[in-house]
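Peer 1: Attaching a predicted model along with its sequence, questions to come.
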Amino acid sequence: MNNLKESMKAIASKVDAKLNELLKSPDTKEKLIFEAMRYSALSGGKRLRPFLVMTSSSLFNVKEDYALRVAAALEMIHCYSLIHDDLPAMDDDDLRRGQPTNHKKYDEATAILAGDSLLTKAFEVLADEKTHHDPLVRCSLVKALAKASGANGMVGGQVLDIMAEDSEMNLDDIIRLQGLKTGCLISFACEAGAILGNADEKDKHSLLNYSRNLGLAFQIADDILDTEGDAELVGKAVGKDAEAGKATFVSLLGLENARQKASDLVVQASKQLDTFGDKADLLKKVADFVVKRNY
Ligand code: GRG
């Protein structure tokens, strides 16, 4: 685990530096929006998705700066989703990553616009020739990230999540909801390495299967943290799903079965990577971290 923690830290600091560069604020009247974007994008977090972009890219010897730009773009999308998810119209949260949420620090209009501009900036970064010399690769990245974040992906999952407050959900419903809401971005993170590295179909398929198992394990772990996690460590309010009467993996499976399911998924995820040999060690270790984390 130690070498995983060190690698996660090293990648997080490179991603922070890239975000800092890409979100440089101009000295103009509207610089408030850059401040609000930077407030959320540079506020810590595990940087799990960027880590997956970097480690999946390293399987295919992708140039580090190409991968870093994609990692930063993906984190911008993730941060936009957190800002909008915290708004009063959605989850109405006051705390994120241990800090006041964007609309608490600024105001609702600024938070909506900060989310919007992180979303659009991400695609500006992907389309830039600095992200890959081949325009077809850049186009594939744009298409894959748009699909993963939009109505067929994360936004679709968020819609199901909102509807879940007023409807009965079974295990298959939750798996579909979470697969869209959080799974699609996690899958994109792994797919990005394969796209950047022009991987063959077999390797793409292995990474996709890995990411699907990992995404589900991540969400089960998130539900477990929401049940028994420490709000201070998690950096946000816990217990909100139970309070709202929402079905979760824990409410449907029970705590012990949920834990078992998460660790089975990690085993499944890791198996998919055997084809890559030792090069996939960090991806295997991070799957284990995802279910054992306490934040
Ligand atoms: C508002 C369009 C829109 C989408 C929102 C992904 C999402 C959909 C909302 C995020 C809210 C949330 C708490 C989801 C549960 C799983 C999740 C994505 C947790 C946060 O991700 P981490 O644990 O966070 O990777 P850090 O802070 O480490 O980046």
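Peer 2: Good, I have the coordinates.
Peer 1: Would you mind naming the helix or strand containing the residue nearest the centre of the chain?
Peer 2: Centroid check for the chain by C-alpha atoms, centre = their mean gives residue 49 as the closest residue, at 4.6 Å. Assessed by DSSP states H and E, residue 49 sits inside helix 48-58.
Peer 1: is stretch 51-65 anywhere near the ligand?
Peer 2: No: Stretch 51-65 does not reach the ligand (C-beta under 6 Å from any ligand atom); its nearest approach is 9.9 Å. (Each C-beta comes from the backbone N, C-alpha and C, glycine too.)
Peer 1: List the contacts of that stretch.
Peer 2: 7-8, 11-12, 14-15, 66-68, 70-71, 74, 130, 186, 189-194, 196-199, 203, 207, 211, 276, 279-280, 282-283, 286 (C-beta atoms under 8 Å, 6 or more residues apart in numbering).
Peer 1: got it, and stretch 173-188?
Peer 2: With C-beta under 8 Å, 6+ apart, stretch 173-188 has contacts from 48-49, 52, 74, 77-78, 81, 144-145, 147-149, 152-154, 156-158, 160-161, 164, 169, 208, 211-212, 214-216, 218-219, 222, 247-249, 252.
Peer 1: Can I get the helix or strand bottoming out on mean pLDDT in the chain in CSV, CA atoms only?
Peer 2: In the chain, no helix or strand scores lower on mean pLDDT, DSSP states H and E than helix 240-243, which sits at a mean of 83. Extracted C-alpha coordinates of helix 240-243, given in CSV (Å, rounded to 0.1, in the frame of the first residue of the first chain):
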residue,chain,number,x,y,z
LYS,A,240,-28.0,11.6,4.2
ASP,A,241,-29.3,8.7,2.1
ALA,A,242,-30.8,6.9,5.1
GLU,A,243,-32.3,10.1,6.3
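Peer 1: buried residues in stretch 281-291?
Peer 2: Using 16 or more other C-beta atoms under 10 Å as the test for burial, stretch 281-291 gives 281, 282, 283, 284, 285, 286, 287, 288, 289, 290, 291.
Peer 1: Sweet, I'm off.
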